[in-house]
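[1] structure, please.
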Amino acid sequence: MESFSKIFDVSQAVSKKTLRLVIFGRVQGVFFRDSMRREAEKLGISGWVRNRIDGTVEAAVQGAPASIDAIVYWAHHGPRNAQVVGVEIEPYSGSYTSFEITE
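    Predicted coordinates for the structure are as follows:
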């Protein structure tokens with residue numbers, strides 16, 4: 001009998017969800033980006049996160065739908081010293097292999 005992986009391409013079975021997040025509030029200077037990177041790595045999410053000049057934090061997140069839902073939930077609270085007042089969420093595109101803090 002053939003193995004499951006030969007009959008069914010597992011890599012194609014896992015759908016990926018990609019979103020762009022903009023997080024509003026007291027989110028800079030509170031280790032938001034590094035905390036988000038660590039959380040994303042725990043959840044197996046790839047993408048990027050950066051500070052924006054307007055004081056918000058922007059991120060692109062890509063991964064399994066349940067993992068993306070978990071990071072979106074996390075983004076609504078952030079790390080301990082953050083004071084998130086809102087998160088803008090929209091579909092996004094791209095292909096990412098790791099999670100990085102960018103400029």
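[2] in this structure, what residue spans correspond to strands?
    For the chain, the strands defined by DSSP state E occupy 17-26, 46-51, 57-63, 83-91, 99-101.
[3] quick one: low-confidence residue ranges for this structure.
    1-14 (pLDDT under 70).
[4] what residue is smack in the middle of it?
    For the chain, the residue nearest the mean C-alpha position is residue 61 (3.1 Å; C-alpha atoms, centre = their mean).
[5] ok, what's across the strand from it?
    Legend: beta-bridge partners of residue 61 under DSSP bridges are residue 19, residue 47.
[6] just checking, it touches residue 71?
    Yes: using C-beta atoms under 8 Å, residue 61 is in contact with residue 71, at 5.3 Å. Any C-beta I mention is one placed from the backbone N, CA and C, and that applies to glycine too.
[7] now for those two: what residues contact both?
    Residues touching both residue 61 and residue 71 (C-beta atoms under 8 Å, 6 or more residues apart in numbering) are 40, 45.
[8] nearest to residue 40, out of the strands of the chain?
    strand 99-101 (4.2 Å; C-beta to C-beta).
[9] how about the closest one: buried residues?
    Within strand 99-101, the residues that count as buried by 16 or more other C-beta atoms under 10 Å are residue 99.
[10] packing partners of that strand?
    Judged by 3 or more C-beta pairs under 8 Å, 6 or more residues apart in numbering; DSSP states H and E, strand 99-101 is in contact with helix 32-43, strand 46-51.
[11] list the neighbouring strands of that strand plus their orientation.
    If you go by DSSP bridges, strand 99-101 pairs up with strand 46-51 (parallel).
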